[in-house]
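Chemist: sharing a model that was predicted from the sequence below.
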Amino acid sequence: MPSSETYCIGINHHTAPVHIREQVALTKARQREVLATAVSEGAGVQGLLVLATCNRVEFYASLPGRMGSLPSRTGQGAGADVSLSRREAMRLLAGFGVDLRPVEEHLFIQCGEEAARHLGRVAAGLDAVVLGEAQILGQIDAAVRMAREHGALDAHLEALVQFGLKAGRRARAETGIGRNPVSVSSVGIRLAERVLGTLRGRTVVVLGLGETGQLALKVLLRMHPGRLVLINRTHETAVRQAAEWGAEAATIQDLPTVLADADLVFSATGCPYPMMGRDMLARTMAGRAARELVVMDMAVPHDVEPEAAHIPGVRLFDVDALESEVTASLARRRQAIPDVERIVDEELGRLMTWRAQRHTEPLISELRQQAEAIRQQEVARFARRMATLEPDVQEQVDRFSQALVQKLLHHPTIQLRETGGESGPDVTGVVRQLFQLDRRAGT
């Protein structure tokens, strides 16, 4: 079996602020282009998963053994030079049309078990801006579906993502990590409520009706706004959602007019350029007297030009600003961390056992095939020498030989499955030499 390893190459909210992360933000269309290129002949990867959210852009790649010099996040990888290996990873992704040069100093690279543990912690909500946030599970699931559509998941990545999803689901079902929901959307809206005093009777605009916008709507409806206006780049979506939520629909072109009456704007469009510029908001505020406008910019890249924060009366918050705002409400979720870590460890153990077995299964198969070939040869030789035996006796001899081979190989097979992955190629080489598997059986 060709040797391969799984890597995570990426940037996230731990390694870079939002103005850095947005330089490599990937739209859905760009993600599809990257996957299509990755599965093309000669791309250099066996599989690729792209996880792109507001807080992270991470590439999970299944690479052949020649890439084994890539270091872990700590730089402790196979004695390789960190900068050289980082450039090697950047060149790999550049081949898929992803330019990581602007964020080179913020990249992290993880390998094997470390990469798997990272995905498990991400899926379980331990690596989120808001501890225990459930939105990431849906985002991972969507990334997996997209990769499958392009045929970009090999067996190693398929096992990796199933491990991550199972760890995430178990964490939320068996612990308190996801109780008392505090998603980025809900935290942002509750912060707006504190700034404005109340959202009851207020005019609220939701710009962008993707997953983040949908979560915001669920929270907002419990706040009883007086007027709720929905805007989406695809107007038909806004009309449909407005009918479902009992809100109004407006177009992008209506935005300047709608802003004039708004108290809160919650924006999460995924647009590659700002939807609200400083000049637009300055004109809006010029006609509002002293009435504040709270703008929650949950998009990466920004939906609002950051300079708009300096306009008198505008209270602008982005995703990074929420990290400090949620700290006080997470005490109970923190109590669940040890149990969640235990779940991740349990599922990671199962994944690594599968990988060990996958590494040794071809060897076990060869060993059993050789043993069976030898058994059949010896039984045939015995039958020729003892041709006078009754057929039922010969059948008993055949069954006895099968049972004997099974007994002899039982414990070696178990040991190979349990320790083969840990001991690696050394065990494989020893077994092949001991049983002369590279020679024809029975010679």
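Modeler: Received the coordinates, thanks. Numbering: from 1, shown residues only.
Chemist: tell me the phi and psi of residue 59?
Modeler: With angles defined as degrees, to the nearest 10, residue 59 sits at phi -110, psi 120.
Chemist: surely it meets residue 9?
Modeler: Yes. Counting by C-beta atoms under 8 Å, residue 59 touches residue 9, with 4.8 Å between them. Every residue, glycine included, has its C-beta placed from N, CA and C.
Chemist: where do the contact lists of these two overlap?
Modeler: residue 93 (C-beta atoms under 8 Å, 6 or more residues apart in numbering).
Chemist: per-residue pLDDT of the nearest residue to residue 290 once chain neighbours are set aside, please?
Modeler: Distance criterion C-beta to C-beta, 6 or more residues apart in numbering; nearest residue to residue 290, sequence neighbours excluded, is residue 313 at 6.9 Å. With respect to pLDDT, residue 313 has a value of 93.
Chemist: pretty sure residue 313 contacts residue 288?
Modeler: Yes. With contacts counted by C-beta under 8 Å, residue 313 reaches residue 288, the gap being 6.6 Å.
Chemist: what about residue 264, distance to residue 286?
Modeler: Per C-beta to C-beta, to the nearest Å, residue 264 is found 19 Å from residue 286.
Chemist: neighbour-wise, which of the two wins?
Modeler: residue 264 (25 against 12; other C-beta atoms under 10 Å).
Chemist: the more buried one pairs with what?
Modeler: Counting by DSSP bridges, residue 264 is bridged to residue 204, residue 294.
Chemist: for it, give me its contacts.
Modeler: With C-beta under 8 Å, 6+ apart, residue 264 has these contacts: 189, 192, 196, 199, 202-205, 225, 293-296.
Chemist: do you know how far it is from residue 255?
Modeler: 14 Å.
Chemist: hmm, back to that, need the worst-confidence member of the contacts of residue 264.
Modeler: residue 189 (90).
Chemist: does it lie in a helix or a strand, and which?
Modeler: helix 184-196 (DSSP states H and E).
Chemist: just checking, what packs against that helix?
Modeler: When contacts are defined as 3 or more C-beta pairs under 8 Å, 6 or more residues apart in numbering; DSSP states H and E, helix 184-196 packs onto helix 211-221, strand 264-267, strand 293-297, strand 314-318.
Chemist: report all helices and strands that the helix or strand containing residue 164 contacts.
Modeler: Using DSSP H and E, residue 164 maps to helix 155-174. The contact analysis (3+ C-beta pairs under 8 Å, 6+ apart) places helix 155-174 against strand 4-12, strand 47-52, strand 56-64, helix 112-123, helix 135-149, helix 337-385.
Chemist: okay, the ones you listed in CSV with mean neighbour count next?
Modeler: Listed next are the helices and strands packed on helix 155-174 as CSV, based on neighbours: other C-beta atoms under 10 Å:
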stretch, mean neighbour count
strand 4-12, 23
strand 47-52, 25
strand 56-64, 23
helix 112-123, 23
helix 135-149, 18
helix 337-385, 16
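Chemist: and those, which one averages the lowest pLDDT?
Modeler: The bottom spot among the helices and strands packed on helix 155-174, by mean pLDDT, belongs to helix 337-385, with a mean of 86.
Chemist: quick one on the thing from earlier: the residue nearest to residue 290: what's it in contact with?
Modeler: For residue 313, the contacting residues are 285, 288, 290-293, by C-beta under 8 Å, 6+ apart.
Chemist: and which of these is nearest residue 244?
Modeler: residue 293 (26.5 Å; C-beta to C-beta).
Chemist: quick one: the closest one from residue 141, how far?
Modeler: From residue 293 to residue 141 the distance is 35 Å (C-beta to C-beta).
Chemist: which of the contacts of residue 313 lies closest to residue 117?
Modeler: residue 293 (43.0 Å).
Chemist: hmm, the closest one is touching residue 265, no?
Modeler: Yes. Assessed by C-beta under 8 Å, residue 293 is found in contact with residue 265 at 7.0 Å.
Chemist: more neighbours: which of the two?
Modeler: residue 265 (29 against 22).
Chemist: wait, that one sits on residue 205?
Modeler: Yes. Contact criterion C-beta under 8 Å: residue 265 and residue 205 qualify, at 4.7 Å.
Chemist: overlap in contacts, these two.
Modeler: residue 259.
Chemist: mind checking the end-to-end distance for stretch 97-114?
Modeler: 26 Å (C-alpha to C-alpha, to the nearest Å).
Chemist: what residues sit buried inside that stretch?
Modeler: 98, 100, 103, 106-112, 114 (16 or more other C-beta atoms under 10 Å).
Chemist: quick one: closest of the helices and strands packed on helix 155-174 to residue 220.
Modeler: Of all the helices and strands packed on helix 155-174, helix 135-149 comes closest under C-beta to C-beta, at 16.0 Å.
Chemist: hey, what's residue 249 bridged with?
Modeler: Bridge pairing for residue 249 - DSSP bridges - gives residue 230.
Chemist: isn't it right next to residue 242, touching?
Modeler: Yes. Between residue 249 and residue 242 there is a contact under C-beta under 8 Å: 3.9 Å.
Chemist: between these two, what contacts are shared?
Modeler: Joint contacts of residue 249 and residue 242 (C-beta under 8 Å, 6+ apart) are residue 230.
Chemist: pretty sure residue 86 belongs to a strand, no?
Modeler: No. Looking at residue 86 with DSSP: H, G, I helix; E, B strand; the rest coil, it is helix, so not inside a strand.
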